[in-house]
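Colleague: Structure for the following, please:
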Amino acid sequence: MDLRIAKAIQLVEADLSKCYTERWLADSTGMTREHFGRLFKRETGESPMSFLRRLRFEEARRILESGEHLNLTIKEISNKVGVHDASHFVREFQVRFGYSPARYRQVKNSTK
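Modeller: Below you'll find the model as predicted:
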């Protein structure tokens, strides 16, 4: 993988709660936004923002499955993964995983 793309991925994985833009990621790797977007897509198969959204929702799912954060509200989890509109978070989570976050937590933690 191109080292600049790997660097961008490491940056977002280190703190998903930040509001990243494609321009900021491109700047952090020393590329133009257009070149960064093309190279990122070629290296990962996804646009930078699609990749970031997928990472955020996978992390939210991991948090809900783990049971280690049972005291966190859904809003706190959404903020922790960088989706600062809780209602949007709930809708998109349900589309991606088939359950609302609260129901997903309930189902996953009842089987442990």
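Colleague: what helix or strand does the most centrally placed residue in the chain sit in?
Modeller: Nearest to the geometric centre of the chain sits Arg56, at 1.4 Å (Cα atoms, centre = their mean). Using DSSP states H and E, Arg56 sits in helix 48-66.
Colleague: any idea how far that helix is from the chain center?
Modeller: 4 Å (Cα atoms, centre = their mean, to the nearest Å).
Colleague: Equivalent analysis for stretch 70-89, please.
Modeller: 12 Å.
Colleague: before we move on, back to that, grab the nearest non-local neighbour of the residue nearest to the centre of the chain.
Modeller: Nearest residue to Arg56, sequence neighbours excluded (Cβ to Cβ, 6 or more residues apart in numbering): Val81, at 4.3 Å. For glycine as for every other residue, the C-beta is placed from the backbone atoms N, C-alpha and C.
Colleague: Contact partners for that neighbour?
Modeller: 16-17, 56-57, 59-60, 63 (Cβ atoms under 8 Å, 6 or more residues apart in numbering).
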